[in-house]
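Q: Pasting a predicted model and its sequence here:
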Amino acid sequence: MRRYIIKEGPPRPAKKTFSIPYEKALNPAQYEAVTTLQGPMLVIAGAGSGKTRTLTYRVARLVEEGVPPPAILLLTFTRKAAQEMLRRATALLDHRCEGVAGGTFHSFANLTLRRYAEKLGFESGFNILDRADSEDVINLVRTRMGLNLKERRFPRKKAIATIYSKAVNKGISIEEIILGDYPHFVKDTGNLLRLNEAYEAYKRKNLVVDYDDLLIYLRALLEENPDVQETLSQTYRYIMVDEYQDTNKIQADIIRFLAGTHDNVMVVGDDSQSIYAFRGANFRNIMDFPVMFKGTKIIKLEENYRSTQPILNVANVIIDRAREKYTKVLFTKKKDGIVPGLVVAGDEHMQSQFVSQRILELREEGIPLNEIAVLFRASYHSFDLEIELNQRNLPFVKVGGFKFVETAHIKDLLAHLKILANPFDTVSWHRVLMMVEGIGPKTAEEISQGVMKSGTGVKGLASVKPKPRYAQALERLSNAVEGVDGNDLSPVDIGANLLDYYETILEKKYDDHPKRFKDLEHLLTIMERYQGLETFLSDMALEPPSASVDGILASDYEDEQLVLSTIHSAKGLEWHTVIVISAIEGRFPVTFAARSDEEMEEELRLMYVAATRAKENLYFTCPMNVYDRATGGVFSRLSRFIDGIPEDILEPWSLAGDAAWNEDAW
């Protein structure tokens, strides 16, 4: 017998160790999501279930596993969210996490298109139109086409911009949008189509793009250029997408292209919180992800860290009524808590009285006003309550209003910066020239066209032959812009020089110019962070600061203030106590939701989002006699979304003195 000796092989590698105790820091579902690194994965993250924590730890895990940070792409819906996740990952691990590519779909598209613009036949030095800019361009083109005549009514620029944007984001024709959402404009369909063609032509000629273009062009780049698609897919070998339920069809296509060589995609979202169909978000994206990516692993995060179990019991009953969903049951270790209340009021005024009185009681119990929120389906639903709060001297802030960059004085200065970055930006030229004393719309148009024909950028102003009434003022503008053009100045130095020029205009234009000047100084502070004007202007269009520094558009509020908010604006936030008002048929769900099952389903998800904002206390108030001016009817039925919920889960409250109380309402 021949003997054969088996030699001992090389030592087995020791089990890889990690500096972060992932298994201890995460619950089992989170741990599975964080440590599953290969292949497609759909993480259904219930409300308050630690979605951000999961994404943060997964970034750190990928880096610890040896994945180069630039090979990781984290896409979120706000830059702030991406920055916060990467900041937390850096704190967990080390500074390698700062090298991860993170940002919004639009900012990623902006950077990519500037790199590959020539592939699509345009230059990389384009300006980005924010929504207000887009409306101004539409208005300019509409005027040139003679569609602004007073003899007949034509849609306003805001409605037109909404129609065009909806068509793009929903992936359907302009005709379908008009027929479905704006039937009163059907007779204008032909002109709206012609106007859209002219709008698109204007953007191409003047080297500007709007928000929707960024996504459209990125998809086209990936679809029409296999070499670019492969390069980007090989560059970003691990992709994570936050709030996937809020993506539209274009964004889903972009993800499919980017993952073309590897399928290493983790999307995180909650189908139960898909509430932005009006912006073009596609509920089907999250439902059909396993179809788009074969072999998808589905992980559900169901442990809630925000709310008490009684609140989650209500939320679970509400969402269980959805027709199509990824079934999940939220639970928490906070088993004790107050059973949510269902408060039926005789009318809207009694509802306001209850809400105001209960808020005062909670404040006496030690709950700060800023830990209490009143939520509603539509902004006008709080009008009666606002009167009552003012009478009781309860300070409040209502979420909404203009953004910082939408204020007139900020847009004025930005327009001056935009003509330096892109001398073909006609709308910005028009705004700048209209500020020159003595120049009207017709003259502004003539001068801007003359500048463009000169081919010398802002220096073309010097070739204009001005009339005496505005010669001196135009020369002052010419000196201001030429003085900073091509001089290798930093963005903040350019801004400071232009502010010196604009300050005189500001003082003449606005009575509250000292406050507005503080806003402009703040803008200069923001500019100090930037090395290039193009990058600054892109950020102002894509991720602008959200509010005026010194409260130009709002009163000075006390430190402690109650929050009034639409549910759409409240998503992602949380409060100790939440009161959902006007939970009645016709208001919540709104009447028009009856047009389709899809819209009614989204209304149901809105109610779920409202309920899951509460940490300790939750109330639904239902005024039983609300007159609706639009229909001439009276709303007097509980919302179908909470009607019939057992009393041990949603406790009825009786208001003393409420003559309209009726046991049969239950």
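A: Done, it's in. Residues are numbered from 1 along each chain as shown.
Q: Every contact and neighbour count from this point should use C-alpha atoms.
A: OK.
Q: can you tell me which residues contact the closest residue to residue 628 other than its chain neighbours?
A: Leaving aside its chain neighbours, residue 628 sits nearest to residue 634 (5.9 Å; criterion: C-alpha to C-alpha, 6 or more residues apart in numbering). Residues in contact with residue 634 (C-alpha atoms under 8 Å, 6 or more residues apart in numbering) are 625, 626, 627, 628.
Q: again, but for residue 144
A: Contacts of residue 144 by C-alpha under 8 Å, 6+ apart: none found.
Q: And the helices in the stretch 101-250 of the chain?
A: Under the criterion DSSP state H, counting those that start in this stretch, the stretch 101-250 of the chain contains helices at 105-116, 131-144, 157-170, 174-181, 189-205, 211-224, 226-235, 249-258.
Q: With mean pLDDT added, can I get those in a markdown table?
A: Below are the helices of the stretch 101-250 of the chain laid out as a markdown table (pLDDT from 0 to 100):
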| stretch | mean pLDDT |
| --- | --- |
| helix 105-116 | 93 |
| helix 131-144 | 89 |
| helix 157-170 | 90 |
| helix 174-181 | 89 |
| helix 189-205 | 93 |
| helix 211-224 | 95 |
| helix 226-235 | 95 |
| helix 249-258 | 96 |
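Q: about what we covered before: got phi/psi on the residue nearest to residue 628?
A: phi -120, psi 130 (degrees, to the nearest 10).
Q: Next: residue 588.
A: phi -150, psi 90.
Q: Ok, residue 312 next?
A: In this entry, residue 312 is assigned phi and psi values of phi -70, psi -30 (degrees, to the nearest 10).
Q: And for it, the neighbour number?
A: 26 (other C-alpha atoms under 10 Å).
Q: Can I get the helices of the stretch 101-250 of the chain in JSON lines including distance to residue 589?
A: Listed next are the helices of the stretch 101-250 of the chain as JSON lines, based on distance: least, C-alpha to C-alpha, whole Å:
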{"stretch": "helix 105-116", "distance to residue 589": "31"}
{"stretch": "helix 131-144", "distance to residue 589": "29"}
{"stretch": "helix 157-170", "distance to residue 589": "22"}
{"stretch": "helix 174-181", "distance to residue 589": "18"}
{"stretch": "helix 189-205", "distance to residue 589": "30"}
{"stretch": "helix 211-224", "distance to residue 589": "30"}
{"stretch": "helix 226-235", "distance to residue 589": "43"}
{"stretch": "helix 249-258", "distance to residue 589": "26"}
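Q: Compare those helices and report which one is nearest to residue 439.
A: The closest of these to residue 439 is helix 131-144. By C-alpha to C-alpha, the value is 16.7 Å.
Q: what's the offset of that closest one from the middle of its chain?
A: 22 Å (C-alpha atoms, centre = their mean, to the nearest Å).
Q: what angle sits between that helix and helix 157-170?
A: For helix 131-144 against helix 157-170, the angle by axes from the mean of the first three to the mean of the last three C-alpha atoms, to 10 degrees is 110 degrees.
Q: Please export the C-alpha coordinates of helix 131-144 as CSV.
A: The C-alpha trace of helix 131-144 is given here as CSV (Å, rounded to 0.1, in the frame of the first residue of the first chain):
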residue,chain,number,x,y,z
ARG,A,131,-38.0,77.3,-10.3
ALA,A,132,-38.5,81.1,-10.2
ASP,A,133,-36.0,81.6,-13.0
SER,A,134,-37.8,79.0,-15.1
GLU,A,135,-41.1,80.8,-14.7
ASP,A,136,-39.4,84.1,-15.8
VAL,A,137,-38.0,82.4,-18.9
ILE,A,138,-41.5,81.0,-19.7
ASN,A,139,-42.9,84.5,-19.2
LEU,A,140,-40.3,86.1,-21.5
VAL,A,141,-40.9,83.5,-24.2
ARG,A,142,-44.7,83.8,-23.8
THR,A,143,-44.4,87.6,-24.3
ARG,A,144,-42.3,87.2,-27.4
